[in-house]
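Peer 1: turn this into a model:
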Amino acid sequence: PAHQRQIAVRHWTRRIYSPIGRPSIAPEKLLRAMLLQAFYSIRSERLLMERLEYDLLFRWFVGIGIDDPAWDHSVFSKNRDRLLEGDIAAKFLVAILSQPKVKRLLSTDHFSVDGTLIEAWASIKSFKLKDDPRGDHGEPPSNAGGRNVEADFHGERRSNETHASTTDPDAKLYRKGKCKEAKLCFMGHGLMENRHGLLVDAYLTEASGYAERVAALHMIGPFTERTRAITLGADKAYDTKDFVKDLRSMKVTPHVAQNINGRRSAIDGRTTRHSGYRVSLRIRKRIEEAFGWIKTVARQDKTKFRGRDRGGWAFTFAAAAYDLVRLPKLIAVLS
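Peer 2: Have a look, this model is predicted:
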């Protein structure tokens, strides 16, 4: 029931809101408004509040009366920032997946995993030498209207070991592949169940060459507690000896695409001879649909928040919104 869900949300957020002071926005209304922002690709809180002024559908969904004034955008942002300090997004995703009508849609044996780059809210000019207040060019900070100092980075070597962003120290310089430009970014990870392509876990890490495989082991771990063996589909980036060995030690069958470009694949005939392996390789590509929705519709291609924890909150919340978009049709078809 709706009132029980509201009680659950308030239970999650009871430590965030102060019992004294000016009345805040109810947390369940705040989450509903943030869902609308993801569903309709609204790029700012100011535009969201403007939409609440005249859109009756928005008011009904959030729970605002037809004569009630919309919230001020600054009040909304401050209350939203309180949610960013907790793990409300992860609990929200778990609460969605634990609903009886949703649980019967989920596969408990077959999963797919992948990662995607999320650009950080930081300029490449903020990537400067560590412990050098003047920056990597030896120039003092500019006071001309808040503009950064003009700089030419051609021919210079910069790495995450010697440099860091002064805007967002958690962001790392990373490029997706050869002949690609390096950007300050994070890496978002998603775990998808293979029956209907719903995300069952999502979170953000620092961008590195090992992040995808470490995140995959972390996300699949809770599902290995049962006695039955499960499968995990992934692309060629996960085809390494250590990763495959770790999966097998966890009783997870690695349905990983073979990377045979100039080296020996860690996936052998024990796995490839089964028809289920080919099925997993075909289904695992559906996770790209989830990432596409999160990065285009929910506007998470570039995070609006600084820091891995706050950016990860928004990424996980967008994954929950993606599941909510797909669930009505799935439930209607299978009912």
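
Peer 1: low-confidence stretches in this protein?
Peer 2: 1-23, 132-149, 151, 227, 262 (pLDDT under 70).

Peer 1: got the domain ranges for it?
Peer 2: Per the record, the chain has its domains at 2-86, 91-120+185-334, by automatic domain parsing.

Peer 1: want to throw these into TSV with mean neighbour count and distance to Lys176?
Peer 2: (Glycine included, C-beta is placed from N, CA and C.) Shown next, in TSV, are the domains of the chain (neighbours: other CB atoms under 10 Å; distance: least, CB to CB, whole Å):
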stretch	mean neighbour count	distance to Lys176
domain 2-86	15	24
domain 91-120+185-334	18	6
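
Peer 1: could those domains go into TSV alongside distance to Asp131?
Peer 2: TSV is the format used below for the domains of the chain (distance: least, CB to CB, whole Å):
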stretch	distance to Asp131
domain 2-86	29
domain 91-120+185-334	20
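
Peer 1: quick one, helices of the stretch 151-300 of the chain?
Peer 2: Ranges of helices in the stretch 151-300 of the chain, per DSSP state H, counting those that start in this stretch, are 211-220, 241-249, 269-272, 275-283, 287-296.

Peer 1: now render the ones you listed as TSV, adding distance to Val113.
Peer 2: What follows is the helices of the stretch 151-300 of the chain, written out as TSV (distance: least, CB to CB, whole Å):
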stretch	distance to Val113
helix 211-220	4
helix 241-249	10
helix 269-272	16
helix 275-283	11
helix 287-296	7
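
Peer 1: isn't Leu217 up against Ser249?
Peer 2: No - between Leu217 and Ser249 there is no contact under CB atoms under 8 Å: 10.0 Å.

Peer 1: next, Glu119: phi, psi?
Peer 2: phi -70, psi 140 (degrees, to the nearest 10).

Peer 1: which ones are touching the closest residue to it other than its chain neighbours?
Peer 2: Once flanking residues are discounted, Glu119 sits nearest to Lys302: 4.1 Å by CB to CB, 6 or more residues apart in numbering. Going by CB atoms under 8 Å, 6 or more residues apart in numbering, Lys302 touches Ile118, Glu119, Ala120, Trp121.

Peer 1: and which of these is nearest to Phe223?
Peer 2: Ile118 (24.3 Å; CB to CB).

Peer 1: so what does the closest one have for phi and psi?
Peer 2: Torsion angles, degrees, to the nearest 10, at Ile118: phi -120, psi 120.

Peer 1: same check, this time on Thr166
Peer 2: phi -80, psi -20.

Peer 1: gap between it and Glu206?
Peer 2: 17 Å (CB to CB, to the nearest Å).

Peer 1: same question, Asn261
Peer 2: 26 Å.

Peer 1: can you add distance to Leu173 and give the contacts of Lys302 back as a markdown table?
Peer 2: Formatted as a markdown table, the contacts of Lys302 follow (distance: CB to CB, whole Å):
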| residue | distance to Leu173 |
| --- | --- |
| Ile118 | 14 |
| Glu119 | 12 |
| Ala120 | 10 |
| Trp121 | 15 |
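
Peer 1: kindly indicate which of the residues you listed lies nearest Leu83.
Peer 2: Using CB to CB, those come closest to Leu83 at Trp121, 18.0 Å.

Peer 1: the closest one belongs to a strand?
Peer 2: No - counting by DSSP: H, G, I helix; E, B strand; the rest coil, Trp121 is located in no strand; its state is coil.

Peer 1: let me see the contact set for it.
Peer 2: Thr167, Asp168, Lys302, Thr303, Lys304, Phe305, Arg306, Gly311.

Peer 1: next, give phi and psi for the third one.
Peer 2: This points to Lys302. Per-residue torsions, Lys302: phi -140, psi 120 (degrees, to the nearest 10).

Peer 1: check the last one too.
Peer 2: Backbone geometry at Gly311, expressed as degrees, to the nearest 10, gives phi -70, psi -40.

Peer 1: distance of it from Trp60?
Peer 2: Taking CB to CB, one finds Gly311 at 31 Å from Trp60.
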